[in-house]
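Undergrad: Provide a 3D model corresponding to the input given below.
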Amino acid sequence: MKDRYDIAILLGSLRKASLNRKLAEALTGLAPDNLAFRFVDTGNLPLYNTDLDEENVPEAWSSFRASIRQADGVLFVTPEYNRSVPGALKNAIDVGSRPAGQSAWKGTPAGIVTGSPGGIGGFGANHHLRQSLVFLDMPAMHQPEAYIGGLATLFDGDGRIARDDTRDFLKRFMSSFADWVARNAAG
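TA: Now for the predicted structure:
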């Protein structure tokens, strides 16, 4: 067991003022001290194309893959687009999984938090993402599940979670995620 675990945060939304970005930032403040977080950019990745892996691998892909490989765990925080994950996040998953047999994701423990201004909190995206993680051989934390609805009214003026019950739930989620990473991280 390590003293601190390096956690890569991947956001589904690319917007600077994204509610899911605010949620991810709030989550880092609710986590146990044994988790160290860093946001990994997915918006600069060229769309995955096998030809590029065979001819001239984009530097953005190489850097992204190296960043994921060094992580002890990955926390996905994403909205739902059309009952699935946003395209940039799906592209990042594809980039990290290639070339075949060299997946940067393999064996890395994962947690998923989906958020939405609506009531179902990104349920479809959460479960669609889980399908990919199974294929990628990423042990995804099963419980507690985190579908956070009402994001538009969730934060106070300082970007903190305004509702005590939601803050308490997310603190428990992050504690469970820390335990999950400690049990499943390699080395």
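
Undergrad: Would you quantify the distance from the residue sitting furthest away from the middle of the chain to Pro99?
TA: Farthest-out residue of the chain from its mean C-alpha position, per CA atoms, centre = their mean: Glu55, at 29.5 Å. As judged by CB to CB, to the nearest Å, Glu55 and Pro99 stand 12 Å apart. From N, CA and C alone the C-beta is placed, and that goes for glycine too.

Undergrad: Could you check which helix or strand contains the residue most central in space within the chain?
TA: Nearest to the geometric centre of the chain sits Phe76, at 1.3 Å (CA atoms, centre = their mean). Assigned by DSSP states H and E, Phe76 belongs to strand 73-78.

Undergrad: can you give me the mean pLDDT across the helix or strand just after that strand?
TA: For strand 73-78, the following helix or strand on the C-terminal side (DSSP H and E) is helix 87-97. Average pLDDT, helix 87-97: 97.

Undergrad: For Phe123, which residues are in contact?
TA: 80, 114, 147 (CB atoms under 8 Å, 6 or more residues apart in numbering).

Undergrad: Ok, Ala8 next?
TA: By CB under 8 Å, 6+ apart, the residues touching Ala8 are 38-40, 67-68, 71, 73-75.

Undergrad: ok, 7 Å please
TA: The contact partners of Ala8, taken as CB atoms under 7 Å, 6 or more residues apart in numbering, are 38, 40, 67-68, 71, 74.

Undergrad: which one among these gets closest to Tyr48?
TA: Of all the contacts of Ala8, Tyr48 sits closest to Ile68, with 14.1 Å by CB to CB.

Undergrad: nearest residue to that closest one other than its sequence neighbours?
TA: Ala104 (4.0 Å; CB to CB, 6 or more residues apart in numbering).

Undergrad: Name the SS class of the closest residue in space to Leu136 that isn't next to it in sequence, please.
TA: Excluding the flanking residues, the one nearest Leu136 by CB to CB, 6+ apart is Trp105, at 4.2 Å. Classification of Trp105 using DSSP: H, G, I helix; E, B strand; the rest coil returns coil.
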